[in-house]
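> I would like to see how this sequence folds:
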Amino acid sequence: MLLAQQQGVNSSTDNKHSHSNEMDSLNHDIGKSVDKDKDNSIDKRYPNVIDIDKAIIVSDLHLGYEKCNSKAFLDFLLECISKGISKEYSLFILGDFWDLWRKHDIIYSTESDEILSLVNQFKDVYYLPGNHDHITLDTARNHPDFNCYNINRYFRIKSGQKNFYLVHGHELEVISKLISMKLSEYDNISDQLCRMNDTEGNIASYLHETFHKVFTRGQPQITDFLQTAEQRKGMDAIDKLAKSKARYPLLGMQLDDILIFGHTHRPYIDYENNVINTGAWISDMLVPKWFEEEYGQDKACSGWYVEINSNGEYRLVPYGIHQKTKEEMRNSEFSKQRRQQQEELEPEQKNNDEDKDGKTENIIGKVASQLGDMVKQVKEAGNSAINKDK
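Just a heads-up that it's a prediction; the model follows:
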């Protein structure tokens, strides 16, 4: 399922991978470009467009989380290197590479070093911080003239005749759900949670699961207590925003941009609305219905990536297809829909049962009343007959 191996490296594109640090109206841009040659780096028609040849895009590894599929991600990178793909493709990481909310010292772990040593072998690396690794934005602030991973808040890239707009995705959640909280406020909270030690991180993990709330009139109402991203209610609102025309002004997109984001762990590609979700590399992510229909309801995968080729053609690809585990069975969209339907039927069934019980009680009451009348009539008839005999 991995990308077809491409022969040779086009060195003429080496000077095309830079971006400026000009602030747009949404104050998105933070970092400066590594490459100072601006001859081919910026498309003057659209601000801050990076002209690329080919790209691999991943997100939401959540390294440090106990359910991270780090072994599968390591195998994926090794496969890219062994097939020469890393020499021809730029790698874009759309946030939550580390899960610093849960485990802070993961950044200097052997596991992290092994993966980064392979990441470093790609032609170019672009890093877009998520809410769980938000402190990586400090690199762009503290080292504006140089950072090896081209760290920025968002990326607008061009391949062939197509333009792509890349964000982590928590921005969409803030806009679509946390309506009384500014993005800057959410980012500040994310930043603080990233700075906790492991003991505090365990508490932060708990807080993380309780933090995603629906705000009404500024008052938090906890509706998704201790739920993962795949289980939280209201996640459909993020997808609705991602597919809507409102995304253009609210996210600072151009009208012909194709949106690519992660965060929700719900992989899909919608060619009609020009939007892609990059899924995740964790064992408790959603197994989408369309995947089950194509590969079988007994199958799942270890992770997802987006491939963009030199013509601007793009696709969403599952990696590490395997038999579902029990956990993946529970995270199946088919299973979730069946459970939801059952939950919707249960109140109706309960009402039906209550109606039946009520009807039964009414029938019994009527029969008892009729029997009482009959007994009364018989008793009266008997008394009348006795009186006549007297």
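
> And stretch 267-281, what's buried?
267-269, 274-281 (16 or more other CB atoms under 10 Å). Yep, even glycine has a C-beta here, placed from its N, CA and C like the rest.

> ignore the last one, stretch 155-173
Within stretch 155-173, the residues that qualify as buried are 155-159, 162-173, counting by 16+ other CB under 10 Å.

> per the record, what domains does the protein have?
Structurally, the chain divides into domains by automatic domain parsing as follows: 11-324, 332-390.

> Please tell me how far the closest residue to residue 155 other than its chain neighbours sits from residue 260.
Counting by CB to CB, 6 or more residues apart in numbering, residue 155 lies nearest to residue 166, which is 4.4 Å off, once chain neighbours are set aside. To residue 260, residue 166 is 5 Å away according to CB to CB, to the nearest Å.

> what touches both of the two?
57, 94 (CB atoms under 8 Å, 6 or more residues apart in numbering).

> what's the least confident stretch among the domains of the chain?
Mean pLDDT across these is lowest at domain 332-390; the value there is a mean of 58.

> which residue ranges form the strands in the stretch 201-350 of the chain?
Counting by DSSP state E, counting those that start in this stretch, the stretch 201-350 of the chain has strands at residues 214-216, 219-221, 257-261, 268-270, 275-277, 299-300, 303-308, 314-319, 322-323.

> right, I mislabeled it, should have said the stretch 51-200 of the chain
Along the stretch 51-200 of the chain, counting by DSSP E, counting those that start in this stretch, strands occupy 55-58, 90-93, 124-127, 155-159, 162-166.

> Who are the packing partners of the first one?
Under the contact criterion of 3 or more CB pairs under 8 Å, 6 or more residues apart in numbering; DSSP states H and E, strand 55-58 touches strand 90-93, strand 303-308.

> Include distance to residue 136 when you put these into JSON lines, please.
Below are these laid out as JSON lines (distance: least, CB to CB, whole Å):
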{"stretch": "strand 90-93", "distance to residue 136": "10"}
{"stretch": "strand 303-308", "distance to residue 136": "20"}
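
> and of those strands, who's closest to residue 335?
Nearest of these to residue 335, taken as CB to CB: strand 303-308 at 19.4 Å.

> relative to strand 314-319, how tilted is that closest one?
Counting by axes from the mean of the first three to the mean of the last three CA atoms, to 10 degrees, strand 303-308 lies at 150 degrees to strand 314-319.

> List the contacts of strand 303-308.
With CB under 8 Å, 6+ apart as the test, strand 303-308 has contacts from 3, 52, 54-58, 61, 69, 72-73, 76, 157, 159, 164, 260, 267, 276, 278-281, 314-320.

> And stretch 238-254, by the same measure?
Outside stretch 238-254, the residues within contact range by CB under 8 Å, 6+ apart are 24-26, 28, 46, 154, 156, 163, 165, 167, 169, 171-173, 175-177, 255, 257, 259, 261, 263-264, 266, 268, 270, 273, 275, 277.

> what about it, how long is it end to end?
Stretch 238-254 has an end-to-end distance of 19 Å (CA to CA, to the nearest Å).

> quick one: residue 132 and residue 72, what's the gap?
In terms of CB to CB, residue 132 sits 19 Å off from residue 72.

> ugh, typo on my part, it should be residue 193
Look at residue 193 and residue 72: by CB to CB, they are 26 Å apart.

> More neighbours: which of those two?
residue 193 (24 against 18; other CB atoms under 10 Å).

> That one and residue 100 touch, don't they?
Yes - with contact defined as CB atoms under 8 Å, residue 193 counts as touching residue 100 (7.5 Å).

> Residue 76 contacts residue 301, correct?
No - using CB under 8 Å, residue 76 makes no contact with residue 301, being 10.8 Å away.

> Give the residues shared as contacts by these two.
Jointly contacting residue 76 and residue 301 under the rule CB under 8 Å, 6+ apart are 319-320.

> Let me have the helices and strands packed on strand 55-58 in CSV, adding mean neighbour count and distance to residue 327 as columns.
Converted to CSV, the helices and strands packed on strand 55-58 look like this (neighbours: other CB atoms under 10 Å; distance: least, CB to CB, whole Å):
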stretch, mean neighbour count, distance to residue 327
strand 90-93, 26, 25
strand 303-308, 25, 15
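
> For residue 187, find the nearest of the ones you listed.
Checked against CB to CB, the stretch from the helices and strands packed on strand 55-58 lying closest is strand 90-93, at 18.0 Å.

> neighbouring contacts of the closest one?
By CB under 8 Å, 6+ apart, strand 90-93 touches 17, 52-59, 119, 122-128, 149, 155, 157, 166.

> Could you identify the buried members of these?
By 16+ other CB under 10 Å, the contacts of strand 90-93 give 17, 52-59, 119, 122-128, 149, 155, 157, 166 as buried.

> and the gap between the residue nearest to residue 155 and residue 126?
Distance from residue 166 to residue 126, counting by CB to CB: 8 Å.

> can you list residues touching both of these two?
92, 155.

> Report the contact partners of residue 125.
90-91, 93, 119, 148-150.

> As JSON lines, those residues with distance to residue 249 would be great.
Shown next, in JSON lines, are the contacts of residue 125 (distance: CB to CB, whole Å):
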{"residue": "90", "distance to residue 249": "28"}
{"residue": "91", "distance to residue 249": "30"}
{"residue": "93", "distance to residue 249": "27"}
{"residue": "119", "distance to residue 249": "34"}
{"residue": "148", "distance to residue 249": "34"}
{"residue": "149", "distance to residue 249": "29"}
{"residue": "150", "distance to residue 249": "26"}
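
> which among those gets closest to residue 330?
Out of these, the member with the shortest distance to residue 330 (by CB to CB) is residue 93, at 28.1 Å.

> That'll do, ta.
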